[in-house]
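Novice: Could you work out the structure for the sequence below:
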Amino acid sequence: MELSPLFITLKVAGLATLLALVLGTLAAYVLAKHSFPGKEMLDTLFTLPMVLPPTVLGYYLLVSFGRNGIPGRWLEHVFGLSLVFTWQGAVLAAAVVSLPLVQKSARVAFEGVDGTLQDAARTLGKSEFAVFLLVTLPLAWRVILSGVMLAFARAVGEFGATLMIAGNLPGKTQTLSLAIYDAVQSGNDSLGTVLVLTTSSVCAGVLLLSKRLLKTEV
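Specialist: Okay, the predicted model is just below:
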């Protein structure tokens with residue numbers, strides 16, 4: 001069995017989950033703790049990847065980050081980076097589809113933090129960043145981490161959006177999901193079975209860890 005799809009999948013899913021963690025946590029905190037015009041619209045935009053067909057999402061990414069898209073032109077002009085048909089594009093696709101899982105979990109966690117504890121820290125002269133770091137995050141981290149683990153599992157299984165923007169290049173952008181598709185299309189059932197079991201084992205393990213983590217929450 002060729003191991004490159006597994007290694008590419010773990011690299012892409014790991015980086016995508018890290019990106020989703022940073023952006024999702026920041027967005028969740030803003031949405032949970034602040035009121036402003038367009039708040040619900042912003043929340044809707046963060047939720048869209050959960051309901052849009054992956055190919056539609058991939059099309060948006062391809063149009064936006066291709067050479068004719070404004071973000072794509074900017075990345076190529078400033079950094080000399082093209083995301084189309086690259087593993088970086090696969091990271092972007094996986095991050096976008098997994099972002100809502102982090103954002104939703106983190107928002108629930110932040111909204112569940114006792115505000116009186118945060119106010120007490122403020123009366124002691126703590127800055128908002130210190131309140132977040134010393135009070136909010138320690139009380140919310142279990143639920144956030146559970147969301148992050150679900151996001152990782154989602155990133156591992158990503159197919160449609162990745163295929164649209166990153167393509168299916170063996171050894172470069174071919175993840176486990178894409179390798180399974182190739183194996184089935186070529187009639188290599190034995191390889192397809194091994195890849196399916198490998199992907200299922202990784203995702204099932206992550207889900208079990210996530211459930212165990214939530215059960216131990218105090």
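
Novice: Would you mind pulling up the elements that the helix or strand hosting Asp182 packs against?
Specialist: If you go by DSSP states H and E, Asp182 is part of helix 176-185. Contact partners of helix 176-185 among helices and strands, from 3 or more CB pairs under 8 Å, 6 or more residues apart in numbering; DSSP states H and E: helix 4-33, helix 160-166, helix 189-215. Bear in mind the C-beta positions are built from the backbone N, C-alpha and C, glycine included.

Novice: so which of these is the most packed in?
Specialist: Among those, ranked by average contacts under mean count of other CB atoms under 10 Å, first place goes to helix 160-166 (a mean of 25).

Novice: which secondary structure elements does that helix contact?
Specialist: Applying 3+ CB pairs under 8 Å, 6+ apart, we find helix 160-166 packed against helix 54-65, helix 87-111, helix 176-185.

Novice: switch the cut-off to 6 Å
Specialist: Packing partners of helix 160-166 (3 or more CB pairs under 6 Å, 6 or more residues apart in numbering; DSSP states H and E): helix 54-65, helix 87-111.

Novice: right, so of the ones you listed, which gets closest to Lys33?
Specialist: helix 87-111 (6.5 Å; CB to CB).

Novice: isn't Thr17 right up against Phe152?
Specialist: Yes: under the criterion of CB atoms under 6 Å, Thr17 makes contact with Phe152 at 4.4 Å.

Novice: Who are the contact partners of the closest residue to Leu61 other than its chain neighbours?
Specialist: Excluding the flanking residues, the one nearest Leu61 by CB to CB, 6 or more residues apart in numbering is Ile165, at 4.6 Å. By CB atoms under 6 Å, 6 or more residues apart in numbering, the residues touching Ile165 are Gly58, Leu61, Leu62, Gly89, Ala93.

Novice: Report pLDDT for Ile165.
Specialist: pLDDT for Ile165: 94.
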